[in-house]
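Asker: make a model of this:
(one chain, ligands or ions: 1)
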Amino acid sequence: METAAVKQISPKVAQTASIIKAEGVCLSFGNVKALEDVGIDVGQSEVVTIVGPSGAGKSTFLRCLNLLQKPDRGHISIEGQRIFNDAISLNKRDLRDVRRKLGMVFQRFHLFPHLTALENVTLAMLDAGIATRDEAVETATNLLDRVGLLKRALAPAPRLSGGEQQRVAIARALAMKPRALLFDEPTSALDPEASREVLSVMKELAQQGTTMVVVTHEMKFALNVSDRILFMEAGRAVETGSADDMFHRAKSPRARAFFAQALDHMET
Ligand code: ADP
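Answerer: Have a look, this model is predicted:
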């Protein structure tokens with residue numbers, strides 16, 4: 001590998017409290033080293049996108065941040081609270097609290113098919129015991145409005161398009177009042193129009209100051225919305241920097257080639 005992980009503190013991290021900090025995260029699946037010494041520091045209201053070729057370890061790293069996947073080694077803190085310290089893991093209850101701090105949006109939406117959009121969002125709050133039914137309905141209504149789905153609130157989940165279902169999933173994640181949202185390729189199961197709808201909601205969330213970590217192949221989104229990009233390849237954090245620097249002045253040859261190709265695709 002040509003470069004060691006280049007650590008760079010973004011302006012927002014320098015100015016604001018760290019929301020997510022991971023250091024030296026390593027994970028192997030049998031002989032496959034999925035992650036080797038990967039780190040990230042995400043400040044309040046910062047949008048970090050993680051990009052790189054398939055199999056680079058991007059999703060695995062994202063899943064490690066909320067311990068959906070437990071690393072072999074490394075340190076992970078959320079708002080300064082250590083949640084993973086090498087082999088020491090949290091008990092079930094603390095783990096649930098951690099996951100609630102980091103809302104996750106997956107490639108597939110996992111909505112309950114027998115419930116409406118509104119019920120899918122309220123149920124998350126009622127299950128977590130963080131709202132009364134009336135409060136949950138009010139919050140869910142506001143959130144569905146925020147993702148542009150107020151008119152579809154009473155539609156059964158299976159009647160919603162893919163883009164609408166993903167926007168309900170985003171509202172559901174926001175309903176838990178997370179400190180940050182983690183997105184794992186949120187548009188890769190969607191057609192181009194549905195992708196645009198979802199990316200536009202994500203862009204608005206970013207503009208409203210939502211802290212976000214996004215694994216994506218949407219390079220336009222990475223260029224236009226990220227405060228910072230982490231480029232991964234073969235289980236390593238090859239380079240990190242501002243979107244402008246990564247697309248136009250990446251230091252490592254691999255990152256330069258990757259972003260040059262992305263720019264080519266965006267122009268055609
Ligand atoms: P990316 O998100 O960059 O496409 P992944 O994080 O999905 O990459 O995968 C990184 C590597 O880890 C790949 O070689 C993949 O095959 C392997 N991997 C991921 N999850 C598992 C798993 N549960 N079991 C075995 N290997 C896995």
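
Asker: ranges for the strands of the stretch 101-250 of the chain?
Answerer: For the stretch 101-250 of the chain, the strands defined by DSSP state E, counting those that start in this stretch occupy 102-105, 180-184, 212-215, 228-233, 236-241.

Asker: distance-wise, check the residue sitting nearest the centre point of the chain relative to residue 248.
Answerer: By Cα atoms, centre = their mean, the chain has its centre lying nearest to residue 182, at 2.3 Å. Going from residue 182 to residue 248 by Cβ to Cβ, to the nearest Å gives 27 Å. Bear in mind the C-beta positions are built from the backbone N, C-alpha and C, glycine included.

Asker: on that earlier part again, just put the strands of the stretch 101-250 of the chain in a markdown table and tack on mean pLDDT and distance to residue 170.
Answerer: Below are these laid out as a markdown table (pLDDT from 0 to 100; distance: least, Cβ to Cβ, whole Å):
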| stretch | mean pLDDT | distance to residue 170 |
| --- | --- | --- |
| strand 102-105 | 94 | 6 |
| strand 180-184 | 98 | 8 |
| strand 212-215 | 98 | 11 |
| strand 228-233 | 98 | 21 |
| strand 236-241 | 97 | 25 |
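
Asker: nearest to residue 164, out of these?
Answerer: Residue 164 lies closest to strand 102-105 among those, at 13.9 Å (Cβ to Cβ).

Asker: the closest one packs against which elements?
Answerer: In terms of contact count using 3 or more Cβ pairs under 8 Å, 6 or more residues apart in numbering; DSSP states H and E, strand 102-105 is assigned the packing partners helix 162-175, strand 180-184.

Asker: residue 17 - how many residues pack around it?
Answerer: 9 (other Cβ atoms under 10 Å).

Asker: wait, it sits on residue 45?
Answerer: No: the pair residue 17 / residue 45 is not scored as a contact, 10.3 Å apart, by Cβ atoms under 8 Å.

Asker: tell me how far the closest residue to residue 126 other than its chain neighbours lies from the ligand.
Answerer: Once flanking residues are discounted, residue 126 sits nearest to residue 136: 5.5 Å by Cβ to Cβ, 6 or more residues apart in numbering. To the ligand, residue 136 is 33 Å away according to Cβ to the nearest ligand atom, to the nearest Å.

Asker: before we move on, what about residue 204?
Answerer: Residue 204 is 25 Å from the ligand, by Cβ to the nearest ligand atom.

Asker: could you find the closest non-adjacent residue to that residue?
Answerer: Residue 204's closest residue in space is residue 146 (Cβ to Cβ, 6+ apart), at 7.9 Å.

Asker: please consider this matter closed, and thank you.
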